[in-house]
Structures are given as structure tokens and as C-alpha cells.
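Asks: build the 3D model from these lines:
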Amino acid sequence: MHHFLAFLTDALQNQQDWVCFYVFIFLACVAPRLGDRIFRPIERIGSRFALRKKLAIFSVSTAAILLRVAFLRIDPVPVPLIHDEFSYLLAADTFAHWRLTNPTHPMWVFFETFHVLQHPTYASKYPPAQGMVLALGQHLGNPWIGVLLSVGLMCGAILWMLQGWMPARWALLGGTLVLLRFAVFNDWVEGYWGGAVAAIGGALVVGALPRIWRTARPQYAVCMGIGAAILANSRPVEGFIFFATVVVALALWLWKRSAAARPRLFGAIVAPVAAVLLVCVVFMGYYNWRVTKNPLLPPYIAYERAYNPRPEFIWQSPRPNPVYNNPQFDNYYNVWAPAQFGGDWDDIVTGAEEKVKEFFNFFVNKELGVCLLGLLWVWRDRRVRFLGAQFLVCFAGLLAVVWFWPHYAAPLLATIFALLVQSLRHVRKLRVRGWTVGIGLSRAVVLISLSSLVTQALNAAPVPYAINGNSEPRYLVEFQLAAMPGEQLVIVRYSPKHDPTNEWVYNRADIDDAKVVWAREIPGLDIHPLLDYFRGRTVWLAQPDVDPKKLIPYSPPRPTPSAVAATP
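Replies: Next up, the predicted model:
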């Protein structure tokens with residue numbers, strides 16, 4: 001029933017959105033000056049306010065946070081839904097306890113789960129930046145507060161970047177469009193696996209570039225270095241490609257300076273960036289050493305070597321299959337994953353088409369699609385030629401990766417909006433037989449974005465948790481157990497036909513002191529050592545593949561001789 005209601009809601013919402021889109025575009029074309037008495041004063045006030053750049057940045061950041069908070073009644077704090085989010089939350093809980101990692105648990109084989117290292121330490125496989133932001137939120141009361149703050153900072157950082165590339169009034173418009181599209185009803189603010197953090201890093205890097213070109217001040221070099229460090233600790237591969245384009249642009253700029261000026265520029269620009277990156281490299285090496293016992297081995301690579309035989313890039317071949325301790329891992333990596341990407345040419349082409357479609361729907365869609373009318377002029381625009389080249393290089397890098405989620409492209413967000421706003425500047429000048437169609441279209445972009453936000457708000461249903469077929473029952477079970485007296489142990493029993501994307505076994509950083517501990521029942525492995533270890537806890541059985549989903553007291557099977565021999 002939930003799925004039907006969700007489908008119906010989406011269909012109605014899409015229909016309303018498209019009706020608004022066509023109405024605004026039609027009015028923009030036939031009556032572009034309609035509403036001049038309202039729009040002109042707003043545009044004048046906005047232009048004057050935009051000149052107060054620092055205040056504009058603070059206002060956009062604050063407005064993004066307050067706008068999302070205002071919708072909490074109909075769109076509550078999200079619940080983690082997928083593997084990656086639980087892994088990031090483990091990192092957050094680890095950092096919130098002022099640790100970089102956790103010791104391997106004696107009963108680790110029962111806690112083994114996706115995207116989490118168990119050896120040589122117990123930690124998330126992901127880079128630490130997103131986990132640190134979530135840890136800040138956890139200290140403030142809830143990890144999602146960290147998500148909310150990062151989205152607000154992202155909107156402000158992108159406005160700062162746009163101020164470096166274009167007039168202040170257009171930069172403010174771009175910051176407002178980012179706010180409307182990403183601050184509410186967006187995956188980046190509705191989940192825990194990131195996006196905003198890497199977008200902040202990208203905005204700092206590419207926003208510092210034009211300021212360095214104009215002033216060569218060390219503080220902008222430091223900003224660039226900080227942005228690069230954020231990228232290295234959030235989206236390392238995509239961030240490396242992104243930053244490499246900036247390094248090339250800086251090198252060409254330095255090469256064109258006079259020989260006498262280069263030593264001064266090197267000290268003012270290159271040295272600060274290198275100093276910040278040196279600190280970043282030292283931290284990353286130390287973090288790797290604490291987690292994997294090897295400063296040159298990131299946790300992500302360690303996890304992939306241990307568990308994942310599937311290729312990361314489209315030209316790679318599968319690696320030899322590891323020996324898994326439970327059937328869910330084998331099903332995920334050797335059945336489900338190959339079904340998503342087989343590796344032949346048809347899969348590569350189909351995957352590229354899906355990436356382009358998903359990229360467009362997430363970052364542009366109909367709300368900002370009108371801006372694309374100005375791309376023909378943007379490609380000839382020297383002011384943003386570097387941004388266009390950077391986009392093409394980075395997007396090619398995204399196509400080379402097997403998997404794609406929109407937050408993989410997060411470093412590019414500021415660049416994307418700079419190109420969209422610059423395109424919109426050209427659209428605004430568009431005239432058809434003396435008819436100022438461009439003015440109407442530029443205003444329609446804002447109205448369409450506003451109407452989309454209103455439509456989503458009207459169709460949002462007040463629910464106490466995020467509706468998701470996979471994670472809704474787990475959340476309800478955990479909520480139920482948290483309200484019970486004493487400590488609980490949940491044994492999760494999966495059926496042979498279990499969907500491996502529906503994982504229930506995730507735990508906190510300090511498993512022994514957790515109110516609720518989740519463990520998997522593994523066929524052929526004696527579970528009595530786990531039960532003995534957690535003696536004193538109430539033990540429950542959870543069966544995600546059995547309806548109705550309810551907890552029942554756990555009765556362990558009798559150990560067989562082979563199971564006893566396999567006990568860890």
C-alpha cells in the first residue's frame with residue numbers, strides 16, 4: 001500500500017510540476033513583461049543586497065538551514081536507509097567517541113556487514129570527512145544536524161564561488177537557486193551519505209582560482225588548499241580529477257607571468273597550497289595507519305581487496321572471488337552486483353546513458369533546464385571557458401566509473417551552477433523580433449523552482465520516519481527495542497532468497513555498551529559463543545523476509561559437530 005501511495009503521489013506531483021512549467025514558459029514567451037511592477041523592485045533590492053557580499057553569504061547559508069527546519073513537521077529528520085549511510089554513521093559514532101577507529105570485536109564474524117572493515121580494526125571504509133561532520137551533529141544532538149549544517153555551508157560556499165566568477169547580483173541568484181534545489185526535499189539533505197561536504201570543497205577550490213588570478217593573495221591559496229583537503233577526505237578520486245584541472249590552470253597562469261614575478265607568486269600561491277596539502281597528507285597517512293596499520297593503504301582500498309571482486313572502472317575485469325563468511329555477501333557481490341553491470345559493451349553504453357539521465361535529473365531537471373538555452377553562447381564565453389573544460393574532464397571521469405550516484409559529482413556542483421547561471425545571463429538577453437523573451441524566461445526559472453518547492457511541500461505527508469520498503473521495519477524494530485528495559489541482542493535470520501540490499505546488521509562503534517546489538521545468524525556456524533558472550537541480554541529473533549515482521553524470543557539451533565569446529 002505504501003508503494004502504491006508513493007507512486008500515486010509522485011505521479012500527481014510530476015503532473016503539477018509540468019503544468020506549472022508549461023504555464024510559466026508560455027507566459028514568458030507571450031507576455032515576457034508580465035508582472036514587471038512586482039519583479040523590477042525585487043530585482044533592484046536583490047541587486048543592492050548582493051553588493052553586500054559577506055552578508056549575502058551569511059543570509060543564504062542561514063536561510064537554507066531555516067528553510068529545511070521549517071519543513072520538519074511534514075518532512076521529519078530522515079532515517080538511514082542503505083548500506084553506505086550506516087557505514088558513515090559508524091564513522092560518526094567512532095569520531096564522536098574521540099577515536100579514529102575501533103578494535104576488532106571478538107565476535108566480529110557475526111557483525112560482519114557491508115562497507116565496514118572488521119580487520120585489522122573495526123571502522124567504516126569511507127574517507128573521514130563526512131563522518132566528522134556527522135560526528136559534530138551527534139555531539140549537537142543528532143547526526144543529521146551535521147548534514148543540515150553542511151548543506152547550509154554548501155549554499156554559502158557556492159555563493160562565494162559565484163561571486164568570484166560573475167557580478168554579485170547574478171551570484172546571489174545562483175546561490176538562491178542552489179538553496180531552492182538542495183536545501184529541502186533533496187537526497188543530500190535527506191540522507192547521511194554526503195554530497196554537501198564534497199561540494200564545499202569544490203566550491204572553495206574553484207572559487208579561489210579567479211581571486212588568485214586577480215590578486216595573488218595568500219589567503220585565497222589557503223582557501224584552495226583547504227578545499228582540496230576536503231575533497232581528498234570526502235571524494236578522493238573525483239576530487240583528484242577536479243583539483244588536477246585547477247592545478248593545470250594555475251600552472252599555465254604562472255607560466256604566462258614574467259620571470260621576475262614568478263618567485264613572488266610561487267611564495268604567495270604555491271607555497272600556501274602545498275603547506276595545507278602537506279598537513280592533509282600527514283593526517284591521511286596517520287588515519288590510514290590507525291585504521292589499516294598501513295599509512296599508504298586507505299580503508300576503502302583495504303575493504304575492496306577483502307570483499308569486493310567487482311571492477312571499479314569500466315575497463316577493469318573482475319578480481320578473484322574472496323571466501324565469504326556468510327551467504328549475503330556472496331549474493332551481493334556475485335549475484336546482485338553482476339546483474340547491475342556485466343562488463344560488456346552494451347552494459348557500458350547503457351550505464352553511460354543512465355548516468356547522463358540521472359545526472360541531468362538531479363542537477364538540472366526542468367527547473368533549470370531553461371538555462372541550457374544559453375549554452376551555445378557559454379561555449380564561446382572566455383570568462384567561463386575554464387569551467388566548461390573542467391566540467392567536461394570531470395564528467396568524463398564520472399563516466400569511467402562503473403557505479404554512479406549524484407553525490408559522486410558533488411565536487412562539480414559549484415562549477416555546474418556557475419555554467420547554468422552564466423547561461424541564464426545570455427538567455428536574459430534573448431530577443432525574438434524585438435520581443436524581450438529572455439527577461440520572461442529568466443524570471444520563469446525562479447518561478448518554476450519556487451513552484452516545484454511548493455508542490456513538493458503540498459504533497460509531503462507528515463510521517464515519523466522515512467518510508468522505505470527496506471529500512472522501515474528495521475527502524476521500527478530498533479525504536480521498539482530502545483524503549484524496552486535492559487540491553488537487547490537481535491539475531492537476524494535471512495531467507496535463502498533474501499535481497500542483499502536490505503541489510504539489518506549494523507552496530508554502533510562500541511558494540512559491547514550499545515543498548516541494541518545486531519548480529520547475523522550464519523548457517524553452519526555455532527551461535528552459542530555469541531550468546532555466551534552477551535549473556536545477560538534479552539535475545540530476539542528478527543526475520544526481515546517474513547511477514548508480518550515482528551520480534552520473537554530467540555531459540556538457538558543445536559550446534560552440529562561441523563558448526564562447533566567452525567566457531568571463531
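Asks: now stretch 262-270: buried residues?
Replies: Using 16 or more other C-beta atoms under 10 Å as the test for burial, stretch 262-270 gives L265, A268, I269, V270. Heads up, the C-betas are built off the backbone N, CA and C, glycines and all.
Asks: columns pLDDT, secondary structure and distance to V133 on top of the residues you listed, output as TSV?
Replies: Output for these, formatted as TSV (pLDDT from 0 to 100; DSSP: H, G, I helix; E, B strand; the rest coil; distance: C-beta to C-beta, whole Å):
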residue	pLDDT	secondary structure	distance to V133
L265	91	helix	34
A268	92	helix	31
I269	94	helix	28
V270	94	helix	29
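Asks: name the next helix or strand downstream of the helix or strand that T176 is a member of, please.
Replies: If you go by DSSP states H and E, T176 is part of helix 168-182. Once the chain leaves helix 168-182, the next helix or strand it forms, by DSSP H and E, is helix 196-215.
Asks: could you give the mean pLDDT of that following helix?
Replies: Mean pLDDT, helix 196-215: 97.
Asks: which strands or helices does that helix pack on?
Replies: If you count contacts as 3 or more C-beta pairs under 8 Å, 6 or more residues apart in numbering; DSSP states H and E, helix 196-215 packs onto helix 128-140, helix 143-165, helix 218-232, helix 236-256, helix 385-399, helix 413-428.
Asks: TSV for the buried residues of stretch 262-270, including distance to S449?
Replies: TSV is the format used below for the buried residues of stretch 262-270 (distance: C-beta to C-beta, whole Å):
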residue	distance to S449
L265	41
A268	40
I269	37
V270	40
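Asks: tell me the one of the residues you listed nearest A444?
Replies: I269 (41.5 Å; C-beta to C-beta).
Asks: returning to that earlier point: and the helix holding T176, how far out from the chain middle?
Replies: Between the centre of helix 168-182 and the centre of its chain there are 20 Å (C-alpha atoms, centre = their mean, to the nearest Å).
Asks: which strands and helices sit next to that helix?
Replies: helix 36-50, helix 53-70, helix 143-165, helix 365-369, helix 413-428, helix 437-459.
Asks: F240: which of those helices is closest?
Replies: helix 413-428 (15.4 Å).
Asks: what's the mean pLDDT across that closest one?
Replies: Per-region confidence: helix 413-428 scores 95 on mean pLDDT.
Asks: now do the buried residues in that helix.
Replies: So for helix 413-428, counting by 16+ other C-beta under 10 Å, buried means 413-428.
Asks: one more: stretch 216-227?
Replies: Quick answer for stretch 216-227 (16+ other C-beta under 10 Å): A216, P218, Y220, A221, V222, C223, M224, G225, I226, G227.
Asks: same question, stretch 116-129
Replies: V116, L117, Q118, T121, Y122, A123, S124, K125, Y126, P127, P128, A129.
Asks: what about stretch 311-321, start to end distance?
Replies: Terminal residues of stretch 311-321 lie 12 Å apart, using C-alpha to C-alpha, to the nearest Å.
Asks: ignore what I typed, I meant stretch 301-321.
Replies: From start residue to end residue, stretch 301-321 stretches across 16 Å - C-alpha to C-alpha.
Asks: list the contacts of it.
Replies: 115-117, 119, 125, 291-292, 294, 322, 324, 329, 333-334, 337-338, 341, 343, 348, 351, 399-402 (C-beta atoms under 8 Å, 6 or more residues apart in numbering).
Asks: inside strands: which ones of the residues you listed?
Replies: Among the contacts of stretch 301-321, the members found in strands (DSSP state E) are V116, L117.
Asks: among the contacts of stretch 301-321, which ones are buried?
Replies: For those, buried by 16+ other C-beta under 10 Å: 115-117, 125, 291-292, 329, 333, 337, 341, 343, 348, 351, 401-402.
Asks: so which of those residues comes closest to L441?
Replies: For the buried ones among the contacts of stretch 301-321, the nearest to L441 is G351 (33.6 Å; C-beta to C-beta).
Asks: pretty sure the closest one is touching V402, no?
Replies: Yes. The criterion here is C-beta atoms under 8 Å, and G351 meets it with V402 at 7.2 Å.
Asks: need the residues touching each of those two.
Replies: With C-beta under 8 Å, 6+ apart as the test, G351 and V402 both reach I314, F341.
Asks: compare the helices and strands packed on helix 196-215 and give me the one nearest T436.
Replies: With C-beta to C-beta as the yardstick, what comes closest out of those is helix 413-428 (8.9 Å).
Asks: need the contact list for S449.
Replies: S449 touches L177, L180, R181, E367, L368, counting by C-beta under 8 Å, 6+ apart.
Asks: which pair of those residues spans the longest distance?
Replies: The widest separation within the contacts of S449 (C-beta to C-beta) is 9.8 Å, between L180 and L368.
Asks: let me have the helices and strands packed on helix 196-215 in a markdown table, adding distance to P299 as columns.
Replies: Listed next are the helices and strands packed on helix 196-215 as a markdown table, based on distance: least, C-beta to C-beta, whole Å:
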| stretch | distance to P299 |
| --- | --- |
| helix 128-140 | 9 |
| helix 143-165 | 19 |
| helix 218-232 | 14 |
| helix 236-256 | 11 |
| helix 385-399 | 22 |
| helix 413-428 | 25 |
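Asks: so which of those helices is nearest L55?
Replies: Nearest of those (C-beta to C-beta): helix 143-165, 11.0 Å.
Asks: what angle do that closest one and helix 36-50 make?
Replies: Helix 143-165 runs at 90 degrees relative to helix 36-50, counting by axes from the mean of the first three to the mean of the last three C-alpha atoms, to 10 degrees.
Asks: and helix 143-165, what does it pack against?
Replies: Helix 143-165 sits against helix 53-70, helix 83-96, helix 128-140, helix 168-182, helix 196-215, helix 413-428, with contacts defined as 3+ C-beta pairs under 8 Å, 6+ apart.
Asks: identify the residues contacting the second one?
Replies: Which is helix 83-96. 80, 100-102, 113-116, 123-126, 128, 130-135, 137-139, 143, 146, 191-194, 501, 503, 506-510.
Asks: before we move on, back to that, want to throw the helices and strands packed on helix 168-182 into CSV with distance to D545?
Replies: CSV is the format used below for the helices and strands packed on helix 168-182 (distance: least, C-beta to C-beta, whole Å):
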stretch, distance to D545
helix 36-50, 55
helix 53-70, 35
helix 143-165, 28
helix 365-369, 36
helix 413-428, 39
helix 437-459, 31
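Asks: need the buried residues of stretch 116-129 in JSON lines with pLDDT, can you?
Replies: Output for the buried residues of stretch 116-129, formatted as JSON lines (pLDDT from 0 to 100):
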{"residue": "V116", "pLDDT": "97"}
{"residue": "L117", "pLDDT": "97"}
{"residue": "Q118", "pLDDT": "97"}
{"residue": "T121", "pLDDT": "98"}
{"residue": "Y122", "pLDDT": "98"}
{"residue": "A123", "pLDDT": "98"}
{"residue": "S124", "pLDDT": "98"}
{"residue": "K125", "pLDDT": "98"}
{"residue": "Y126", "pLDDT": "97"}
{"residue": "P127", "pLDDT": "97"}
{"residue": "P128", "pLDDT": "98"}
{"residue": "A129", "pLDDT": "98"}
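Asks: pretty sure A444 sits against Y22.
Replies: No. In this structure A444 lies outside contact range of Y22 using C-beta under 8 Å: 10.4 Å.
Asks: neighbour count for these two, which is higher?
Replies: A444 (23 against 12; other C-beta atoms under 10 Å).
Asks: kindly provide the distance from the nearest residue to R425 once chain neighbours are set aside to A232.
Replies: Excluding the flanking residues, the one nearest R425 by C-beta to C-beta, 6 or more residues apart in numbering is W170, at 5.9 Å. As defined by C-beta to C-beta, to the nearest Å, W170 lies at a distance of 31 Å from A232.
Asks: buried residues in stretch 32-42?
Replies: Here stretch 32-42 shows P32, F39 as buried, counting by 16+ other C-beta under 10 Å.
Asks: show me where this protein dips below the pLDDT cut-off.
Replies: For the chain, the stretches with pLDDT under 70 are 1-15, 460-472, 558-568.
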